[in-house]
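Participant: One predicted model, sequence on top.
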Amino acid sequence: MLDIQDDKTNTQTHEMEGKCPFGGDRIGGAIGTPPALSDWYPDRLKVEMLHQNGPQANPLGEDFDYAAAFNRIDLAALKQEIKTFLTSSVAWWPSDYGNYGPQMIRMAWHAAGTYRIADGRGGAGEALQRFAPISSWWDNGNTDKSRRLIWPIKQKYGSALSWGDLMVLTGNCALEIMGFPTYGFAGGRQDAWEADSATYWGPEVWDPTNIQSPDSMVNRDKRWRGQNGDADYALENPLAATHQALIYVNPEGPYANGDPLGSARDIRIAFTRMAMNDEETVALIAGGHAFGKSHGMVPADQIGMPPEIAPIEAMGLGWHNPVGTGAGEFTMTNGIEGSWTPDPTQWDNSYLENLFKFEWEQTKSPAGATQWTPIDPSAPKTPDAHVQGKMHPLMMMTSDIALKLDPAYRAVCEKFLGDFDAFTQAFSKAWYKLTHRDMGPRERYLGPERTLENDLLWQDPIPPLDHDPIGEADIAALKQAIMATGLSVSDLVFTAFSAAATYRNSDKRGGANGARLALSPQKDWAVNRRTIPVVAALRDVMADFNGAPGRTTKVSLADLIVLGGCAAVERAAAEAGLDVAVPFTPGRRDTTQELTDIEMFNWLKPVVDGFRNYVDDQFDTIARDVAPEELFLDKAQLLALTAPEWVALIGGLRAMGANYDNSANGIFTDRVGVLTNDFFTVLTSMEFEWKKTDETGMAFSLNGRTTGDVRFTATRSDLIFGSNSQLRAVAEVYASGDGHARFVRDFVAVWDKVMMLDRFDVRG
């Protein structure tokens with residue numbers, strides 16, 4: 001028996017050689033393989049979005065000084081290298097007309113054109129065109145080739161030249177070699193190092209089995225209300241693009257229907273959301289279409305997958321074209337084929353001249369796309385981009401005909417037709433705005449070509465400092481003067497935070513610098529009403545201080561607003577038994593109403609601001625399916641907060657009663673204005689239970705678990721810090737026996753961070 005058993009054991013051992021023990025010989029997934037957390041719990045608050053593009057992803061390290069590295073570049077020499085390359089041709093992707101300029105203009109345009117004014121996201125700033133989803137949008141077809149073509153230049157300059165700066169600079173150089181005078185160029189864009197999985201680009205879902213088809217990727221049905229032409233026709237916020245996977249509009253018209261007036265309506269909505277007025281819109285379209293051609297030689301269903309899901313051997317290149325050489329005269333990009341002008345590599349006014357001189361009729365490209373051709377057979381022709389001596393009819397897109405038929409756009413076109421110099425200047429300034437809109441204040445601009453004039457209202461100009469800033473003795477005296485006004489700790493903290501909280505890290509707009517809290521439109525927002533008497537009292541303090549005889553230093557209202565908050569936090573901490581010094585950096589300046597673009601600043605008005613427990617009255621209709629805590633997270637991300645910073649900041653603001661309407665919601669303390677950790681101890685206590693007090697689940701009461709007595713009230717923006725597991729884990733740290741001092745320290749640190757978010761004049 002022993003021999004038989006030994007034989008069986010040996011046989012089993014032999015059979016299991018090369019296999020995992022216990023039958024585990026089949027691997028079904030690895031890290032990130034779905035179903036993942038979001039598949040199981042799609043409605044959970046994704047707090048981890050605050051930690052995207054963190055230092056762990058950056059190979060350059062946190063200490064790398066990009067500004068110093070960029071400023072060491074000989075910009076003139078770099079530009080000459082780019083220009084020399086642009087008039088060459090590489091065999092694997094030949095240049096149209098022997099000039100890569102038009103192709104690179106498109107690359108830069110599409111990198112910058114994702115910008116949207118509603119939340120400041122998008123733009124060329126982080127070179128996100130390198131990553132999904134943007135890299136694989138239908139509208140970005142073959143921009144992957146453009147970046148590979150300029151890789152040798154990027155490789156040479158390395159970390160001193162970001163992809164974001166190189167793409168925009170290459171677009172500028174392209175314009176210049178074709179005779180166009182650019183308005184300037186500023187460096188300073190720092191690249192992201194990972195895909196952006198947080199930004200909301202629209203509600204539409206692509207068909208993964210048919211993703212290479214524009215019919216699958218380019219759709220729009222879920223982002224619009226009403227029909228094109230209706231009075232209630234509207235695009236949901238914060239979107240700017242009219243279709244999923246497009247930069248702005250479908251060049252074939254809405255639904256590719258060839259309707260020019262419908263296209264004009266879409267153009268106006270999209271470009272307004274990109275922060276462009278009618279003149280800038282016409283200048284950008286007419287100026288951009290003065291160069292190059294569109295590509296549509298092959299039906300879309302023959303083109304391969306976009307870069308993100310192309311075969312691994314494609315090495316990050318997508319949209320493989322199997323027809324002919326797959327490039328050159330066989331190129332397929334958006335499906336429309338042809339050029340707008342007789343000389344596609346020269347800056348001139350022939351685009352507008354031909355658009356208005358001739359009548360145009362609809363036709364189809366070789367790929368089947370809707371486009372337009374002159375009815376008059378004697379109209380000028382345009383040369384083939386690759387075959388010497390071959391000529392083609394001119395081409396217009398439906399979005400071009402729109403400029404001719406829309407009355408307002410037509411008026412701008414006629415102005416430019418009669419004044420080519422005005423057109424040139426308008427396009428130059430509009431291109432500069434397009435490619436720099438997301439960079440923030442001019443203090444962030446680098447290089448010898450940066451434009452520093454004060455006449456560019458979209459840069460949110462603040463006049464230069466015209467006095468000596470306050471010093472340590474002045475700061476101490478002003479703190480005493482502020483507290484002597486009788487303003488409460490709660491009001492001072494609320495006002496300082498309200499000034500700083502407009503900041504958006506997406507496009508570096510807003511913040512306390514400039515004291516725009518005291519100007520329209522910010523002073524008129526309902527969320528800021530508490531600040532009005534505080535600002536008035538601080539103006540009196542400023543007048544007394546600046547008007548003192550023999551005074552050599554002066555304080556700005558912007559500095560005084562922030563200083564008042566800092567003084568209030570110090571007093572609140574002292575009342576809680578902790579002596580802290582809140583950092584304060586003087587030097588903020590005050591701007592004027594004339595230098596404040598009311599329409600553009602109104603886009604900074606919050607719909608939901610959980611920090612101040614504010615929800616706009618129109619919230620239910622504005623944000624149908626978005627819970628307040630999701631927009632609260634969105635705001636925390638725009639303030640560049642980490643999860644611990646978010647938790648610490650909210651605990652401090654609640655302790656000091658910083659609700660916009662002085663309500664008791666979330667004020668889980670009997671010592672308002674004292675920097676306690678009561679918010680966290682109550683939030684995590686099991687002595688209480690929370691109950692909804694309205695049917696919508698927006699308001700709650702905290703009841704004694706045994707008595708049932710109502711102890712506190714709250715909103716969703718309060719309860720999320722106890723209900724979300726990641727936020728609760730941090731809240732428990734601050735609620736612990738050793739958590740109070742840690743909380744105060746962390747709150748002071750994040751308070752200073754928020755107050756300094758817009759101080760690029762001192763922090764680079």
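Facilitator: On my side now, so go ahead.
Participant: need the next SSE after the least confident helix or strand in the chain by mean pLDDT, C-terminal direction.
Facilitator: One helix or strand of the chain scores below all others by mean pLDDT, DSSP states H and E: helix 2-16, with a mean of 49. For helix 2-16, the following helix or strand on the C-terminal side (DSSP states H and E) is helix 37-40.
Participant: which helices and strands sit right next to that next one?
Facilitator: Packing contacts for helix 37-40, counted by 3 or more Cβ pairs under 8 Å, 6 or more residues apart in numbering; DSSP states H and E, involve no helix or strand. To be clear about C-beta, it is placed using only N, CA and C from the backbone, and glycine gets the same treatment.
Participant: Centre of the chain to it, how far?
Facilitator: For helix 37-40, the separation from the chain centroid amounts to 26 Å (computed by Cα atoms, centre = their mean, to the nearest Å).
Participant: Return the set of buried residues in the next helix or strand after that helix.
Facilitator: Following helix 37-40 in sequence order, the next helix or strand is helix 66-71 (DSSP H and E). Neighbour counts over helix 66-71 (16 or more other Cβ atoms under 10 Å) mark 66, 69-70 as buried.
Participant: Just list the residues touching Gly704, thanks.
Facilitator: 687-688, 711 (Cβ atoms under 8 Å, 6 or more residues apart in numbering).
Participant: where does it fall, phi/psi-wise?
Facilitator: phi -60, psi 130 (degrees, to the nearest 10).
Participant: and what of Thr373?
Facilitator: Torsion angles, degrees, to the nearest 10, at Thr373: phi -140, psi 150.
Participant: Please list all residues in contact with it.
Facilitator: Residues in contact with Thr373 (Cβ under 8 Å, 6+ apart) are 338, 360-361, 363, 393-396.
Participant: Most neighbours among these, please name it.
Facilitator: Counting neighbours by other Cβ atoms under 10 Å, Met396 comes out on top of the contacts of Thr373 with 26 neighbours.
Participant: And the pLDDT for it?
Facilitator: Met396 is assigned 98 on the pLDDT scale.
Participant: Dig out what it forms beta bridges with.
Facilitator: Trp372 (DSSP bridges).
Participant: Does it touch Trp360 like I think?
Facilitator: Yes - with contacts counted by Cβ atoms under 8 Å, Met396 reaches Trp360, the gap being 5.5 Å.
Participant: From Gly123, how far off is Thr199?
Facilitator: Separation of Thr199 from Gly123 (Cβ to Cβ, to the nearest Å): 11 Å.
Participant: Out of the two, name the residue with the larger neighbour count.
Facilitator: A side-by-side neighbour count of Thr199 and Gly123, using other Cβ under 10 Å, places Gly123 first with 26 against 19.
Participant: Is the more buried one in a helix, a strand, or coil?
Facilitator: Assigned with DSSP: H, G, I helix; E, B strand; the rest coil, Gly123 falls in the coil class.
Participant: Name the nearest residue to it, ignoring sequence neighbours.
Facilitator: Nearest non-adjacent residue to Gly123, counting by Cβ to Cβ, 6 or more residues apart in numbering: Asp438, 3.0 Å away.
Participant: The one you found: how many residues sit nearby?
Facilitator: 25.
Participant: which ones are touching it?
Facilitator: Counting by Cβ under 8 Å, 6+ apart, Asp438 has contacts 112, 115, 120, 122-125, 506-508.
Participant: now, which of the residues you listed sits nearest Leu633?
Facilitator: Nearest to Leu633 among these is Ser506, at 14.1 Å by Cβ to Cβ.
Participant: now the residue nearest to that closest one when sequence neighbours are not counted: how far from Pro342?
Facilitator: Of all residues not flanking Ser506 in the chain, Gly120 sits nearest, at 3.5 Å (Cβ to Cβ, 6+ apart). Distance, Gly120 to Pro342, by Cβ to Cβ: 40 Å.
Participant: For those two, indicate the residue with more neighbours.
Facilitator: Under the criterion of other Cβ under 10 Å, the comparison of Gly120 against Pro342 puts Gly120 first, with 25 against 17.
Participant: Give me the secondary structure label for the more buried one.
Facilitator: Per three-state DSSP, Gly120 ends up coil.
Participant: ok, it - contacts?
Facilitator: Gly120 sits next to 438, 504, 506-509, 638 when contact means Cβ under 8 Å, 6+ apart.
Participant: Same check on Ile117?
Facilitator: By Cβ under 8 Å, 6+ apart, the residues touching Ile117 are 240, 273-275, 600, 603.
Participant: Dihedrals phi and psi, it?
Facilitator: Backbone geometry at Ile117, expressed as degrees, to the nearest 10, gives phi -80, psi -20.
Participant: how much space is there between it and Ala270?
Facilitator: Distance check for Ile117 against Ala270: by Cβ to Cβ, it reads 11 Å.
Participant: now swap in Lys293 and tell me
Facilitator: Distance from Lys293 to Ala270, by Cβ to Cβ: 23 Å.
Participant: any common contacting residues for Ile117 and Ala270?
Facilitator: Common neighbours of Ile117 and Ala270 (Cβ under 8 Å, 6+ apart) are Ala240.
Participant: want to throw the contacts of Gly704 into TSV with neighbour count, pLDDT and distance to Ala160?
Facilitator: Listed next are the contacts of Gly704 as TSV, based on neighbours: other Cβ atoms under 10 Å; pLDDT from 0 to 100; distance: Cβ to Cβ, whole Å:
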residue	neighbour count	pLDDT	distance to Ala160
Glu687	11	93	59
Phe688	21	91	57
Arg711	14	95	59
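Participant: and those residues, which of them are in helices?
Facilitator: Among those, the subset assigned to helices under DSSP state H is empty.
Participant: Now render the buried residues of helix 66-71 as JSON lines, adding distance to Pro55.
Facilitator: Output for these, formatted as JSON lines (distance: Cβ to Cβ, whole Å):
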{"residue": "Tyr66", "distance to Pro55": "14"}
{"residue": "Ala69", "distance to Pro55": "18"}
{"residue": "Phe70", "distance to Pro55": "20"}
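Participant: with these in mind, which one is nearest to Gly666?
Facilitator: Tyr66 (39.8 Å).
Participant: ok, now how distant is the residue nearest to Gly123 from Asp65?
Facilitator: 21 Å.
Participant: go on, Pro55?
Facilitator: 15 Å.
Participant: Could you do Ala327 as well?
Facilitator: Counting by Cβ to Cβ, the gap from Ala327 to Asp65 is 40 Å.
Participant: Which parts of the protein are strands?
Facilitator: Per DSSP state E, the chain carries strands over the ranges 224-225, 234-235, 293-294, 338-339, 360-364, 370-374, 381-383, 391-393, 608-609, 614-615, 688-692, 699-704, 710-715.
Participant: Understood, closing this out.
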